[in-house]
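> give me a model of this one.
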Amino acid sequence: MANAIESAFVGAYLSTFLYGAYIVIAYHCSLVMYHRYKTKQLHMYLLGTHVTLFLLINLRCMTTIIRTLYGITHQEPDGTINLHPLWSSWSLVENSAWVLTILVADAFLIYRTFIVWMNRCTVVFVPLLLFAADAGTGIYLLVILAKSTTMLHRQLNANRYFGIMTLVVNIVCTALISYRIWTVRRKVSGTRLGADPLTGVIALVVESAAVYTVLLICLIIALGLGSFIYYVLFDMQAAVVGIVFSMIIIRVSQGQGHGDSTGAAASSGAIRWQGSADVTNPPGEETCTNLEVRLETLHNDDVEAPHADLKTSNGTDHESAVLATCKP
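All right, here's what the predicted structure looks like:
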């Protein structure tokens, strides 16, 4: 039991560093959102996800810190530290915020999968079913933890079910997003100027939330082995979720997301087409302009302006830019 308490303290200590990093990134994300609001290009789903995650992660991390400090300053007469049982009010608030944070992040990842695959409902059908099962296991876990009479093995099983379903959702969505980005980049790799492979890899890792998926794998392994490292990773999870998904929101809002239409020309990942007088486009092959337009409209829903006149202006400017760069 001492190792479990020590692991909980180590996890709370490390989570404060990640929490501080998240606050900085969340502040930058808020500035980006405010800029898009000033330019009347604010996407409400991105804003809603950012605000919801900010509130839940702050609640989760602050509760963890306060609960840990309270345990240190209110020791039992025999010197033991009481971090409160799992069915206490402290634990229920902390775990409820944790479960909701995971579900909001999973929902956003499914949304990104839907956008990257050009709004194909068939692609996200399986992830949506998995998300429903994920939400069900999360609710079941909270119900189990709220009962003081629940046996330890039932708590562990409920935690394991929720962790596995969350991992499956993230693996499926990460694989779909990564495959889509990789195939599109591979298809146009021969027609880009100054393509940086490292930049492409970093963009793929960030946009697919691969770091979060790796953390989930480590959590499941630690839980399966009964290692006390699980408590450390558990306390770090909420802050990692905030960092990973805030970075995705920033990239999309700045027009650097895969297939973004309004900001791609200015972003570091923008596609530059190499024109040549002897380039031919046989029938049946995708032309430079068609491929550019298709790539740059993958995420129209992420950055689409609310006014029709602004949309028309952006579309006209983008079409002119494509024609100019593809012109021999």
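> any weak-confidence spans in the chain?
1-8, 74-86, 148, 150, 189-208, 256-328 (pLDDT under 70).
> swap the cut-off to 80 and go again
1-13, 68-90, 147-153, 185-209, 254-328 (pLDDT under 80).
> contacting residues for residue 28?
Residue 28 is in contact with 246, 250, counting by Cβ atoms under 8 Å, 6 or more residues apart in numbering. Any C-beta I mention is one placed from the backbone N, CA and C, and that applies to glycine too.
> show me where this structure has its helices.
Along the chain, the segments classed as helices by DSSP state H run 2-38, 44-73, 89-116, 125-145, 152-188, 197-207, 210-225, 229-253, 288-296, 300-303, 308-326.
> single out the most deeply packed of those.
Comparing the helices of the chain by mean neighbour count (mean count of other Cβ atoms under 10 Å), helix 229-253 ranks first with a mean of 23.
> that one packs against which elements?
helix 2-38, helix 44-73, helix 89-116, helix 197-207, helix 210-225, helix 300-303 (3 or more Cβ pairs under 8 Å, 6 or more residues apart in numbering; DSSP states H and E).
> now these in a markdown table, please, with extra columns for distance to residue 162.
Shown next, in a markdown table, are the helices and strands packed on helix 229-253 (distance: least, Cβ to Cβ, whole Å):
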| stretch | distance to residue 162 |
| --- | --- |
| helix 2-38 | 18 |
| helix 44-73 | 15 |
| helix 89-116 | 7 |
| helix 197-207 | 25 |
| helix 210-225 | 10 |
| helix 300-303 | 29 |
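> nearest to residue 132, out of the ones you listed?
With Cβ to Cβ as the criterion, residue 132 lies closest to helix 89-116 of the helices and strands packed on helix 229-253, at 10.6 Å.
> and that closest one with helix 152-188, angle?
20 degrees (axes from the mean of the first three to the mean of the last three Cα atoms, to 10 degrees).
> any idea of the angle helix 89-116 forms with helix 125-145?
180 degrees.
> got the angle for helix 89-116 vs helix 210-225?
130 degrees.
> which helices and strands does helix 89-116 pack with?
Looks like helix 89-116 contacts helix 44-73, helix 125-145, helix 152-188, helix 229-253 (3+ Cβ pairs under 8 Å, 6+ apart).
> among these, which is nearest residue 14?
Closest among these, using Cβ to Cβ: helix 229-253, at 5.7 Å.
> now residue 101. Nearest residue, chain neighbours left out?
residue 56 (4.5 Å; Cβ to Cβ, 6 or more residues apart in numbering).
> residues in contact with the one you found?
Listed by Cβ under 8 Å, 6+ apart, the contact set of residue 56 reads 97, 100, 101, 104, 238.
> including distance to residue 131, could those go into JSON lines?
Formatted as JSON lines, the contacts of residue 56 follow (distance: Cβ to Cβ, whole Å):
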{"residue": "97", "distance to residue 131": "19"}
{"residue": "100", "distance to residue 131": "14"}
{"residue": "101", "distance to residue 131": "14"}
{"residue": "104", "distance to residue 131": "11"}
{"residue": "238", "distance to residue 131": "19"}
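> and of those residues, the nearest to residue 232?
residue 238 (13.1 Å).
> correct me, but the closest one touches residue 100?
No: assessed by Cβ atoms under 8 Å, residue 238 is found out of contact with residue 100, at 10.0 Å.
> measure residue 63 to residue 210 for me?
Look at residue 63 and residue 210: by Cβ to Cβ, to the nearest Å, they are 28 Å apart.
> which of the helices and strands packed on helix 89-116 sits closest to residue 36?
Of those, nearest to residue 36 by Cβ to Cβ is helix 229-253, at 5.6 Å.
> quick revisit: among the helices and strands packed on helix 89-116, which is nearest residue 116?
The minimum distance between residue 116 and those falls on helix 152-188, with 4.9 Å, by Cβ to Cβ.
> how far off helix 229-253 does that closest one point, in degrees?
Using the same axes, to 10 degrees, helix 152-188 lies at 30 degrees relative to helix 229-253.
> which secondary structure elements does helix 152-188 sit against?
By 3+ Cβ pairs under 8 Å, 6+ apart, helix 152-188 packs against helix 89-116, helix 125-145, helix 197-207, helix 210-225, helix 288-296.
> now the ones you listed as CSV including distance to residue 183?
As requested, the helices and strands packed on helix 152-188 are exported to CSV (distance: least, Cβ to Cβ, whole Å):
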stretch, distance to residue 183
helix 89-116, 11
helix 125-145, 18
helix 197-207, 11
helix 210-225, 17
helix 288-296, 11
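> of these, which is nearest residue 50?
helix 89-116 (9.6 Å).
> now the closest one against helix 44-73, angle please.
Using the same axes, to 10 degrees, helix 89-116 lies at 150 degrees relative to helix 44-73.
> from here on, call the first residue 22.
Let's use 22 as the start, then, which means that last one is helix 110-137.
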